[in-house]
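Q: Pasting the sequence and the predicted model now:
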Amino acid sequence: MPPAQRSIFSILVILSITQLMGWGTISLPAVLGEQFARDLGISLPGAFAGTAVMLVVSGFISPLLSSVFVRYGARLVMSAGSLAAVPGFFLLSMASGPLGYYAGWVVLGVAGACMLSVATYILLNEIEGPRAKRSIGALMLVTGLSSSIFWPITAGLSGMFGWRTTVVIYGVSMLLICFPLHYYGLPLRRAPVKIAGTMEPPTRPVSRLPFVLLTCVIMLNGFVSWGISAIIIQLLKSMGVDDFWALWIGSLLGVLQAFARVLDFFGGARWDGLATGLVAGIVLPLSFLSLIVFGPTDWSIAVFILLYGTATGAMAVARATMPLVFYDREAFARVSSQIALPANLAGAAAPPALAAILTSMGSNAVLLLALSFTLIALGALLALVRTRRAMQV
């Protein structure tokens with residue numbers, strides 16, 4: 001059995017490895033989408049829809065896992081997720097058409113709900129409680145590199161062995177690398193200390209108002225950030241930016257998002273996730289206003305990219321850490337699992353929805369919708385601030 005206690009640094013190293021592998025290996029369509037489409041007789045959008053299927057399934061499964069996380073702890077659930085990913089990759093490797101292809105992604109969606117992102121936040125909260133914000137931020141800094149690391153690996157492996165063997169290799173890696181790291185490297189959840197002659201306090205119920213407000217903020221800002229980031233090159237082109245500069249400016253987003261996460265990581269001990277979210281929530285609508293009010297000039301596009309990139313980078317950390325402000329360890333596990341459903345649905349729906357609006361109604365319609373969603377989310381953030389003050393009275 002693994003020891004109940006391990007240093008937070010070693011735990012972060014393990015989680016960084018498994019999250020890099022988890023997110024990196026399921027980003028297959030970004031590299032192999034054309035090969036999937038050609039060999040399986042599906043369209044290129046249909047090949048990319050595999051990731052959307054995974055996100056939707058993961059979103060629906062996550063609320064069902066909330067009580068499992070509370071009862072058994074994140075270590076066992078993440079270990080099970082590693083094992084569940086193996087048949088998912090094998091199904092994908094054996095697919096001969098759309099049915100087998102999407103069946104593989106369904107299984108990977110179940111595995112993702114058990115071992116990716118939300119599961120790691122629950123684990124770190126089990127270990128550190130409200131102090132987990134800094135560790136979550138550090139983990140997000142590393143896992144943001146998954147595509148940079150695994151896209152070249154996927155391209156190299158598929159070039160040498162073909163995409164089917166590449167997918168099998170990733171399935172085997174889940175069994176031989178991720179499962180042992182999760183099961184033997186992560187700590188057991190610490191049980192509450194019971195004092196003789198005292199009664200165990202009841203589990204604190206989930207407060208509904210913060211939950212509703214958090215869901216609103218995470219879903220709306222998630223929809224905007226996932227959607228805009230996915231179509232940023234096409235959005236810039238529609239505003240008259242040429243192909244080279246659209247690609248170059250769009251590529252700056254990742255750098256700015258990483259920079260914002262670095263700032264939050266080093267300063268995170270001075271503020272909590274709600275403070276990070278509130279600042280990012282104020283900046284986001286300003287980024288869209290700069291383009292709506294002043295039009296697509298060189299300087300307004302530069303201001304937009306700067307504000308949008310830093311705000312979405314900070315908001316990504318806030319989405320994971322804001323529940324720490326309102327909920328204890330067990331409630332955090334339940335809330336994070338339940339919020340994952342609308343968050344994942346928003347993430348799956350945003351790119352095609354905004355792409356359709358862009359092609360049918362133009363860039364201004366996309367900007368106005370994004371502005372509206374971020375303003376509603378800002379209102380919910382301000383309500384969360386008032387709610388926390390009321391809870392502290």
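A: That came in fine, so what should we check first?
Q: Is the residue nearest to residue 114 when sequence neighbours are not counted within a helix or a strand, and which one?
A: Among residues not flanking residue 114 along the chain, residue 81 sits closest, at 2.7 Å (C-beta to C-beta, 6 or more residues apart in numbering). The C-beta positions use only the backbone N, C-alpha and C, and glycine is treated the same way. For residue 81, the enclosing helix or strand under DSSP states H and E is helix 74-94.
Q: Check which helices and strands the helix or strand following that helix sits against.
A: Downstream of helix 74-94, the next assigned helix or strand under DSSP H and E is helix 98-115. Here helix 98-115 touches helix 8-25, helix 28-40, helix 44-72, helix 74-94, going by 3 or more C-beta pairs under 8 Å, 6 or more residues apart in numbering; DSSP states H and E.
Q: what's the last one packed up against?
A: When you say that, I think you mean helix 74-94. helix 8-25, helix 44-72, helix 98-115, helix 118-128, helix 163-173, helix 179-185.
Q: for the longest one, packing partners?
A: The contact analysis (3+ C-beta pairs under 8 Å, 6+ apart) places helix 44-72 against helix 28-40, helix 74-94, helix 98-115, helix 118-128, helix 329-361.
Q: Which one of those helices lies nearest to residue 154?
A: Residue 154 sits nearest to helix 28-40 of all the helices and strands packed on helix 44-72, at 4.4 Å, using C-beta to C-beta.
Q: Name the residues that touch the closest one?
A: Here helix 28-40 makes contact (C-beta atoms under 8 Å, 6 or more residues apart in numbering) with 42-44, 46-48, 50-51, 92, 95-98, 101, 147, 151, 154-155, 158, 163, 166-167, 170.
Q: how does it look with 7 Å?
A: Outside helix 28-40, the residues that touch it by C-beta atoms under 7 Å, 6 or more residues apart in numbering are 42-44, 46-48, 50-51, 95, 97-98, 101, 147, 151, 154-155, 158, 163, 167.
Q: Stretch 55-74 now?
A: With C-beta under 7 Å, 6+ apart as the criterion, stretch 55-74 contacts 77, 106, 109-110, 112-114, 118-119, 122-123, 126, 188-189, 330, 333-334, 337-338, 340-341, 343-345, 347-348.
Q: tell me the mean pLDDT for stretch 167-174?
A: Taken as a whole, stretch 167-174 has a mean pLDDT of 97.
Q: Domain map for the protein?
A: 8-185, 208-392 (automatic domain parsing).
Q: Any chance of these in JSON lines with mean neighbour count as columns?
A: Formatted as JSON lines, those follow (neighbours: other C-beta atoms under 10 Å):
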{"stretch": "domain 8-185", "mean neighbour count": "20"}
{"stretch": "domain 208-392", "mean neighbour count": "19"}
